[in-house]
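Enquirer: Model the structure of this input:
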Amino acid sequence: MITTRGQVVDAAAAVAVLVVGGYAAQESRNPTWWQWVMVCAVAAPVALRRRWALPAAVVALAASGGILICGVIPVEASPWLCAAVALTQYAAAATLPPSHSVPALAAGLSGAAGLGLWRPAALLVALPAVAVPWMIGWLVRHRRDLAEQVFEARTARAVTDERLRLARDMHDIVAHSLSMIAMKASVARHVAAVRPEESLTALEVIETASREALIEMRRAVGLLRADQDPATPRDGDQDLQTLARRTEQAGVQVETTLASETTLPPAVRLVVYRIVQEALTNVVRHAQATRCTVNVEAGTESVTVRVVDNGTATVASAGAGHGLRGMRERVAAHGGSLHAGPHTDGGFAVTACIPFRTAGQGGQP
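Expert: Prediction:
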């Protein structure tokens, strides 16, 4: 069994109590064997106070009272008894719930009161030796319990946030891919008889979109390397171009402008990807647009994402589900802002500004 540092400290304290008590007993008179047993009964609980806190406190109190009543040592040499009582009272309050440590406190106060009846002056030493260590131990335990509650609350919050993140990722992946698949399936059904070659092209798009959706879903649930965010796109510009190609396959012409002065952090790159993905999904599903532009401009401290179409969608139709809300949550988590609404030249516009910090930036965030 490996001895912990706390057990070593307790053993050293018990040895010190034993040595001092033995010296006091030797000075008082020539102690007999049972008196040595009583001295050991005071020291032993100190060594065992972490493992058996309540029995240790009770035994230390009983042995200390017996030593004083039997006159093993003079009352003037009793501070070492107070030290043993204080250590065991502290351990009881610090390691046990109040329902178990209060009996030790009550027994200690009763013993101090009885000692005060015998020697009133001794009450001034015995009472603080019992009450003060117990109160300190209770405060330590209370603070530790609060720290555990805060830790549990933070853990639960982290789990909830992770669930929400996964839910947003799955929504973005499924909504975008299924929109492409549904549209191309409708095209294939209508032209299968008259233009079979176009039907085959639509089926190829469906196959590609479904396969890529499965890959993204695996990434979203963490089936890739554990040292990366499984949902983070591997190549920001390349993945955005892939989104544009998918949208064009659904019949919407996409013009992309990607300007970057710095390498975006992975978390910010994911937000940019999801915003563009959700905005293009809304263009296909709601806007009835024929053309849209995707503009991503990354500076040294922020990145701006702007997706504008020439369709007819309104805020109500484009944001009826979780799409716009999910985008706002993602942007807000990074201290950014998002605006979605009708564009001055017609159509619908989504604009997001996301601040970020690179590894080389100093100062306060």
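Enquirer: ok, which stretches of the stretch 1-150 of the chain are helices?
Expert: Ranges of helices in the stretch 1-150 of the chain, per DSSP state H, counting those that start in this stretch, are 5-28, 33-47, 53-70, 79-95, 98-118, 123-191.
Enquirer: So what's the model's average confidence on the first one?
Expert: When pLDDT is averaged over helix 5-28, the result is 73.
Enquirer: list the helices and strands that helix packs on?
Expert: helix 33-47, helix 79-95 (3 or more Cβ pairs under 8 Å, 6 or more residues apart in numbering; DSSP states H and E). Placement of C-beta: from N, CA and C, glycine included.
Enquirer: And these: which comes nearest E255?
Expert: helix 79-95 (67.8 Å; Cβ to Cβ).
Enquirer: could you say what helices and strands that closest one packs with?
Expert: helix 5-28, helix 33-47, helix 53-70, helix 98-118, helix 123-191.
Enquirer: what's the most buried one of these?
Expert: Among these, helix 53-70 has the highest mean neighbour count (mean count of other Cβ atoms under 10 Å), at a mean of 21.
Enquirer: Just the C-alpha atoms of it, please, in CSV.
Expert: The C-alpha trace of helix 53-70 is given here as CSV (Å, rounded to 0.1, in the frame of the first residue of the first chain):
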residue,chain,number,x,y,z
ALA,A,53,-12.3,10.6,11.6
LEU,A,54,-15.2,10.2,14.0
PRO,A,55,-13.7,7.3,16.1
ALA,A,56,-10.4,9.1,16.2
ALA,A,57,-12.0,12.2,17.6
VAL,A,58,-13.9,10.3,20.2
VAL,A,59,-10.9,8.2,21.3
ALA,A,60,-8.7,11.3,21.5
LEU,A,61,-11.3,13.0,23.7
ALA,A,62,-11.8,10.0,26.0
ALA,A,63,-8.1,9.4,26.4
SER,A,64,-7.3,13.0,27.1
GLY,A,65,-10.0,13.2,29.8
GLY,A,66,-8.8,9.9,31.3
ILE,A,67,-5.2,11.3,31.5
LEU,A,68,-6.3,14.4,33.2
ILE,A,69,-8.6,12.6,35.7
CYS,A,70,-6.0,10.0,36.6
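Enquirer: ok so, going back, now render the helices and strands packed on helix 79-95 as a markdown table, adding distance to A333.
Expert: Below are these laid out as a markdown table (distance: least, Cβ to Cβ, whole Å):
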| stretch | distance to A333 |
| --- | --- |
| helix 5-28 | 41 |
| helix 33-47 | 52 |
| helix 53-70 | 45 |
| helix 98-118 | 41 |
| helix 123-191 | 9 |
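Enquirer: can you tell me which of these comes nearest to L200?
Expert: helix 123-191 (8.2 Å).
Enquirer: Report the rounded mean pLDDT for the closest one.
Expert: pLDDT averaged over helix 123-191 gives 77.
Enquirer: So what angle separates the directions of it and helix 79-95?
Expert: 20 degrees (axes from the mean of the first three to the mean of the last three Cα atoms, to 10 degrees).
Enquirer: counting contacts, what elements does helix 123-191 pack onto?
Expert: By 3+ Cβ pairs under 8 Å, 6+ apart, helix 123-191 packs against helix 79-95, helix 98-118, helix 196-220, helix 236-249, helix 266-282, helix 323-333.
Enquirer: Kindly reformat these as JSON lines containing mean pLDDT.
Expert: As requested, the helices and strands packed on helix 123-191 are exported to JSON lines (pLDDT from 0 to 100):
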{"stretch": "helix 79-95", "mean pLDDT": "83"}
{"stretch": "helix 98-118", "mean pLDDT": "78"}
{"stretch": "helix 196-220", "mean pLDDT": "71"}
{"stretch": "helix 236-249", "mean pLDDT": "79"}
{"stretch": "helix 266-282", "mean pLDDT": "85"}
{"stretch": "helix 323-333", "mean pLDDT": "81"}
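Enquirer: Turn the ones you listed into JSON lines, including distance to P355.
Expert: Below are the helices and strands packed on helix 123-191 laid out as JSON lines (distance: least, Cβ to Cβ, whole Å):
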{"stretch": "helix 79-95", "distance to P355": "45"}
{"stretch": "helix 98-118", "distance to P355": "48"}
{"stretch": "helix 196-220", "distance to P355": "25"}
{"stretch": "helix 236-249", "distance to P355": "17"}
{"stretch": "helix 266-282", "distance to P355": "9"}
{"stretch": "helix 323-333", "distance to P355": "10"}
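Enquirer: Out of the ones you listed, flag the one nearest A44.
Expert: Set against A44 and scored by Cβ to Cβ, the helices and strands packed on helix 123-191 come closest in helix 79-95, at 9.5 Å.
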